[in-house]
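K.L.:
attaching a predicted model along with its sequence, questions to come.
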Amino acid sequence: QIREKLNYAHRDVYYLQEKNLILENQNHFLENEFKRQLDKIVEEKNEHINRLIHIIDQTYTRSTQINNHINDEYYSSSK
(Lines give C-alpha, C1' and ligand atoms only; values in the text may rest on other atoms or scores of the structure.)
Protein backbone atom coordinates (compact mmCIF):
# COMPACT_ATOMS: atom_id res chain seq x y z
CA GLN A 1 0.00 0.00 0.00
CA ILE A 2 2.88 2.40 0.67
CA ARG A 3 4.39 1.59 -2.73
CA GLU A 4 1.02 2.32 -4.36
CA LYS A 5 0.84 5.70 -2.63
CA LEU A 6 4.41 6.44 -3.72
CA ASN A 7 3.49 5.59 -7.31
CA TYR A 8 0.48 7.92 -7.15
CA ALA A 9 2.62 10.64 -5.61
CA HIS A 10 5.26 10.18 -8.31
CA ARG A 11 2.58 10.36 -11.00
CA ASP A 12 1.13 13.51 -9.40
CA VAL A 13 4.56 15.14 -9.25
CA TYR A 14 5.18 14.32 -12.92
CA TYR A 15 1.74 15.71 -13.85
CA LEU A 16 2.39 18.91 -11.89
CA GLN A 17 5.81 19.32 -13.50
CA GLU A 18 4.21 19.02 -16.94
CA LYS A 19 1.49 21.51 -15.99
CA ASN A 20 4.13 23.88 -14.64
CA LEU A 21 6.10 23.67 -17.88
CA ILE A 22 2.98 24.43 -19.91
CA LEU A 23 2.18 27.44 -17.71
CA GLU A 24 5.76 28.72 -17.95
CA ASN A 25 5.59 28.49 -21.75
CA GLN A 26 2.26 30.31 -21.79
CA ASN A 27 3.65 32.97 -19.49
CA HIS A 28 6.70 33.42 -21.72
CA PHE A 29 4.47 33.76 -24.78
CA LEU A 30 2.22 36.29 -23.04
CA GLU A 31 5.18 38.35 -21.84
CA ASN A 32 6.57 38.49 -25.38
CA GLU A 33 3.18 39.40 -26.81
CA PHE A 34 2.73 42.11 -24.17
CA LYS A 35 6.15 43.59 -24.98
CA ARG A 36 5.40 43.47 -28.71
CA GLN A 37 2.05 45.24 -28.26
CA LEU A 38 3.60 47.79 -25.90
CA ASP A 39 6.38 48.54 -28.40
CA LYS A 40 3.77 48.96 -31.12
CA ILE A 41 1.75 51.40 -28.99
CA VAL A 42 4.87 53.38 -28.05
CA GLU A 43 5.84 53.62 -31.72
CA GLU A 44 2.36 54.83 -32.70
CA LYS A 45 2.31 57.42 -29.91
CA ASN A 46 5.75 58.66 -30.90
CA GLU A 47 4.51 59.10 -34.48
CA HIS A 48 1.52 61.09 -33.18
CA ILE A 49 3.81 63.27 -31.07
CA ASN A 50 6.11 63.90 -34.02
CA ARG A 51 3.15 64.88 -36.21
CA LEU A 52 1.91 67.28 -33.52
CA ILE A 53 5.36 68.80 -33.16
CA HIS A 54 5.47 69.29 -36.93
CA ILE A 55 2.04 70.97 -36.91
CA ILE A 56 3.05 73.22 -34.01
CA ASP A 57 6.29 74.15 -35.77
CA GLN A 58 4.40 74.99 -38.97
CA THR A 59 1.85 77.05 -37.06
CA TYR A 60 4.57 78.93 -35.21
CA THR A 61 6.44 79.62 -38.45
CA ARG A 62 3.28 80.92 -40.16
CA SER A 63 2.41 83.04 -37.16
CA THR A 64 5.89 84.52 -37.11
CA GLN A 65 5.72 85.24 -40.84
CA ILE A 66 2.35 86.95 -40.46
CA ASN A 67 3.60 89.04 -37.53
CA ASN A 68 6.69 90.01 -39.47
CA HIS A 69 4.58 90.99 -42.45
CA ILE A 70 2.24 93.06 -40.26
CA ASN A 71 5.20 94.77 -38.61
CA ASP A 72 6.75 95.47 -42.00
CA GLU A 73 3.49 96.96 -43.25
CA TYR A 74 3.07 99.03 -40.12
CA TYR A 75 6.59 100.43 -40.22
CA SER A 76 6.54 101.05 -43.94
CA SER A 77 3.22 102.92 -43.72
CA SER A 78 4.39 105.02 -40.78
CA LYS A 79 7.37 106.43 -42.69
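P.N.:
Happy to help now that I have it. Numbers count the residues shown, from 1 in each chain.
K.L.:
so where is this structure shaky, pLDDT-wise?
P.N.:
The chain contains residues with pLDDT under 70 at 74, 77-79.
K.L.:
for the helix or strand encompassing Asn50, packing partners?
P.N.:
Here Asn50, judged by DSSP states H and E, is contained in helix 2-77. With contacts taken as 3 or more CB pairs under 8 Å, 6 or more residues apart in numbering; DSSP states H and E, helix 2-77 sits against no other helix or strand. From N, CA and C alone the C-beta is placed, and that goes for glycine too.
K.L.:
show me how far it is from its chain's centre.
P.N.:
1 Å (CA atoms, centre = their mean, to the nearest Å).
K.L.:
start at 34 instead
P.N.:
Noted, 34 is the first residue going forward, which turns the last one into helix 35-110.
K.L.:
what's the burial count for Thr94?
P.N.:
10 (other CB atoms under 10 Å).
K.L.:
now do the one 10 residues further on
P.N.:
The burial count assigned to Asn104 is 10, neighbours taken as other CB under 10 Å.
K.L.:
and it, what does it touch?
P.N.:
Counting by CB atoms under 8 Å, 6 or more residues apart in numbering, Asn104 touches no other residue.
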